[in-house]
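1. Mind folding the following:
(2 chains)
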2 protein chains.
Amino acid sequence: MPKIVDHNKQKEKLAEAAWRVICRDGLERASVRNIAEEAGLAVGSMRYYFSTQSDLLAFSMQLVSERICDRLRRFVPAGDAIEDVLDVLCEMLPMDEERSTEMEVWFAFISKALVDPTLQALSLYVYDDMKGFFAKKVGQLIEQHPAGSRLDAKLETDRLFALIDGLAIHAIMHPKRLGPEQMRAVVIYHLQSLFKH
Amino acid sequence: MPKIVDHNKQKEKLAEAAWRVICRDGLERASVRNIAEEAGLAVGSMRYYFSTQSDLLAFSMQLVSERICDRLRRFVPAGDAIEDVLDVLCEMLPMDEERSTEMEVWFAFISKALVDPTLQALSLYVYDDMKGFFAKKVGQLIEQHPAGSRLDAKLETDRLFALIDGLAIHAIMHPKRLGPEQMRAVVIYHLQSLFKH
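-> Model (predicted):
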């Protein structure tokens, strides 16, 4: 019987091997050769899945963002507007190892996106998607809270989005300076401040 | 007469050549060879200023942070606490080409710092320095404003620091989505919100 290899599963395996290389050695070491070695695959068979390194990196970047978005979509709200937003925001912060790895890889990709048009297009797509997500959450807060109408939806969205990404970057860069508890405390403080009038 | 070359000036010139290479082609292209070419110098004479690529990158990274800090130190407060903090925060945001270049280069460096111990140590040093700066600004706001005592100095510092870095990254990644005016509007909104009680 021929060996059946799920094409997409194999591509994901390769993308995950790319993440490990990026986290350990940096994006500049994420060559087709190094990723093949990390995945235990011959360089030749890599070409079957990705024709260029750029394709492989774009797929890896997309997979990180999909993992994060999947987690956000799976999130079940418990009912309290502020608590729910807090929980979902924490899903986007490097609160544990899995999320820290995702953020580190994402961070490496967006840095590379500054000089790589394919990654830049993907990064813009994710930016717009995430911004839409933040706008929705801010909209819910404004709608569900009696003091919500005093808030400016557009500015609150930009502020919250920047705050979360800023915290994420500080925490992955300097985890000893900004740990999960302190990140969570800042987000709680921020959400509470919205309605302290 | 022998040609007198100011050693430090020459090092700065090389660091600036490194920035240009990083902004245009990415950090992975910032090899000693490419930087020498960009600076119009023979690779051999590079060794006179920097013994390794890592030394050159560390110096370039330090120079970016020094330029930013110099600008912050030169800042002359006009008297109004909120206005002054707003102006000084805008000095840290990619409001014009010079500041955008600095931020792009800085962003590339901190991304590389995740896998380079020398750059990581430098990045931590700058993080602590910047955090001290933010703590001082928050302290001034709390002290000078009648409603300041309601604010939590530590959490406000982490929040403001993350907000500014988040805005900076969003703006350099997607300048068409977040331009100078909108960044400034978010910072004004944030500062005003502190005292809206």
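2. rest of the way, CA atoms for contacts and neighbours
-> OK.
3. any low-confidence regions in chain A?
-> A:1-5, A:197 (pLDDT under 70).
4. What parts of it come near chain B?
-> Within chain A, the positions near chain B by CA under 8 Å from any CA of the partner chain are A:23-26, A:28, A:107-108, A:110-112, A:114-115, A:124, A:155-156, A:158-159, A:161-167, A:170, A:173-174, A:185-186, A:189-190, A:196-197.
5. which among the residues you listed end up buried?
-> Buried by 16 or more other CA atoms under 10 Å in any protein chain shown: A:23, A:26, A:107-108, A:110-112, A:114-115, A:124, A:155-156, A:158-159, A:161-167, A:170, A:173-174, A:186, A:189-190, out of the residues of chain A next to chain B.
6. Out of these, list just those in helices.
-> A:23, A:107-108, A:110-112, A:124, A:155-156, A:158-159, A:161-167, A:170, A:173, A:186, A:189-190 (DSSP state H).
7. Tell me the buried residues in stretch A:141-154?
-> So stretch A:141-154, judged by 16+ other CA under 10 Å, has buried residues A:141-142, A:148, A:151, A:153.
8. Looking at those, which is nearest chain B?
-> A:Leu151 (9.6 Å; CA to the nearest CA).
9. where does the closest one fall, phi/psi-wise?
-> Main-chain dihedrals, A:Leu151, degrees, to the nearest 10: phi -90, psi 150.
10. same question, A:Arg67
-> phi -60, psi -40.
11. what sits against it?
-> Neighbour list for A:Arg67: empty [criterion: CA atoms under 8 Å, 6 or more residues apart in numbering or on different chains].
12. Over to A:Arg71?
-> Per CA under 8 Å, 6+ apart, neighbours of A:Arg71: A:Glu91.
13. I'd like to know how far it sits from A:Arg99.
-> Counting by CA to CA, to the nearest Å, the separation of A:Arg71 from A:Arg99 is 10 Å.
14. Over to A:Ala30?
-> In terms of CA to CA, A:Ala30 sits 20 Å off from A:Arg99.
15. A:Ser149 now?
-> 34 Å.
16. Likewise for A:Asp116?
-> 25 Å.
17. repeat for A:Gln192
-> 25 Å.
18. And the two? Which one has more around it.
-> Ranked by neighbour count (other CA atoms under 10 Å in any protein chain shown), A:Gln192 and A:Arg99 place A:Arg99 first, with 20 against 11.
19. right, and that one touches A:Trp106 too?
-> No: under the criterion of CA atoms under 8 Å, A:Arg99 is not in contact with A:Trp106, lying 10.3 Å apart.
20. phi, psi of A:Met95?
-> phi -80, psi -20.
21. Please tell me I have it right and it contacts A:Leu178.
-> No: A:Met95 is not in contact with A:Leu178 according to CA under 8 Å; the separation is 10.4 Å.
22. Counting by contacts, list what the host helix or strand of A:Ala121 packs against.
-> Assessed by DSSP states H and E, A:Ala121 sits inside helix A:117-144. Packing partners of helix A:117-144 (3 or more CA pairs under 8 Å, 6 or more residues apart in numbering or on different chains; DSSP states H and E): helix A:53-74, helix A:81-90, helix A:97-113, helix A:153-173.
23. What residues of it count as buried?
-> Neighbour count says helix A:117-144 has A:119-120, A:122-124, A:126-127, A:131, A:133-135, A:137-139, A:141-142 buried, by 16+ other CA under 10 Å.
24. Give the closest residue to A:Trp19 in space, chain neighbours not counted.
-> Leaving out its chain neighbours, the residue that sits closest to A:Trp19 by CA to CA, 6 or more residues apart in numbering or on different chains is A:Val105, at 6.1 Å.
25. Look up how far B:Ile172 lies from the one you found.
-> 18 Å.
26. Same question for A:Tyr127.
-> In terms of CA to CA, A:Tyr127 sits 12 Å off from B:Ile172.
27. can you check A:Ala121 too?
-> 14 Å.
28. And for A:Gln120?
-> 11 Å.
29. next one: A:Arg47
-> Applying CA to CA to A:Arg47 and B:Ile172 gives a distance of 34 Å.
30. The two: which is more packed in?
-> B:Ile172 (23 against 13).
31. Was I right to think the more buried one contacts B:Pro94?
-> Yes: between B:Ile172 and B:Pro94 there is a contact under CA under 8 Å: 6.9 Å.
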